[in-house]
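A.B. asks: Quick one, structure for this:
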Amino acid sequence: MAVEEKTNEITAVPELLDLIDVKGDIVTADAMSCQKKIVEKIIEKKADYTIGLKQNQPALYKDTEDYFNDFSADIPSKTTLDKGHGRIEKREYQLLTDLSWLEQKSDWKGLNALGCARSTITENGETHEFTRYFITSLTDLDEFSDSVRKHWSIENQLHWCLDVIFREDASRARKDNSPLVLNILRKIALNLVSQAQYKRISKKRLMLRAALEPTLFLDILFIHLLLLLKSKCCCRGNFLKKP
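C.D. replies: Predicted coordinates:
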């Protein structure tokens, strides 16, 4: 959904939620969407949420930061460790479900817990630490940590690819609907390339080869069409569960 000029996604998110079915799902968002009306809309749609908390909600952020700093040892935690490409990342997740002390709790629909994610990254002999806070309707620590991790995978697998591979941020298209149309086309192309998985070459190289080799380009298109047909067949009835 395109955001209108002279506004931002705060007004667009509730309208988007009216268009899609999120019942039973977990909606994740960054701190810009940490708004009472957005939270209320998510609960109204019978979904859960995990939303970043920053200084755009100064009182709630300060209370959350102070509590985790003072009573961190008493809050349940979960730690994960990832290694790869010369980088070690330790993540500690904490979920505070006792919010009886929080004066603003009633202002946030469905708020059941406050979360914290601390990352310690060691790379090239240097160590950096980052701490992020969240509001959430979840009460299970594993569900919370999973939602935080998957939210950032969207950033890595979609937005990063659109910028680096398709150079979306450098696009000069500004007139009328051209930015929205090109954004949709880029996402379609990225989806096609991601599903192709051709000989383990990078997406960027695969796009170049597809531009030079018409047969490879057609192969990528047909792979996508076969996947679409397969998904539709699976929805028709029990006798077509294994096409």
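A.B. asks: Helices of the chain, start to end?
C.D. replies: Remark: helices assigned in the chain by DSSP state H are 9-19, 36-44, 58-71, 141-154, 160-164, 178-196, 203-212, 214-234.
A.B. asks: Now tabulate these in a markdown table and tack on mean pLDDT.
C.D. replies: A markdown table is the format used below for the helices of the chain (pLDDT from 0 to 100):
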| stretch | mean pLDDT |
| --- | --- |
| helix 9-19 | 89 |
| helix 36-44 | 96 |
| helix 58-71 | 96 |
| helix 141-154 | 91 |
| helix 160-164 | 82 |
| helix 178-196 | 85 |
| helix 203-212 | 87 |
| helix 214-234 | 75 |
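A.B. asks: The residue nearest to Asn124 when sequence neighbours are not counted and Gln104: what is the separation?
C.D. replies: Take Asn124 and drop its neighbours on the chain: the residue closest to it by C-beta to C-beta, 6 or more residues apart in numbering is Gly86, 7.0 Å away. In this view, the C-beta of every residue, glycine as well, is placed from N, C-alpha and C. Taking C-beta to C-beta, to the nearest Å as the measure, Gly86 falls 43 Å from Gln104.
A.B. asks: And the two? Which one has more around it.
C.D. replies: Gln104 (15 against 8; other C-beta atoms under 10 Å).
A.B. asks: How about the contacts made by the residue positioned nearest the centre of the chain?
C.D. replies: The geometric centre of the chain, computed from its C-alpha atoms, lies nearest to His151 (C-alpha atoms, centre = their mean), at 2.9 Å. Each residue near His151 by C-beta atoms under 8 Å, 6 or more residues apart in numbering is listed here: Thr28, Ala29, Asp30, Thr50.
A.B. asks: before we move on, what about Ile38?
C.D. replies: Ile10, Val13, Pro14, Leu17, Ala29, Ile51.
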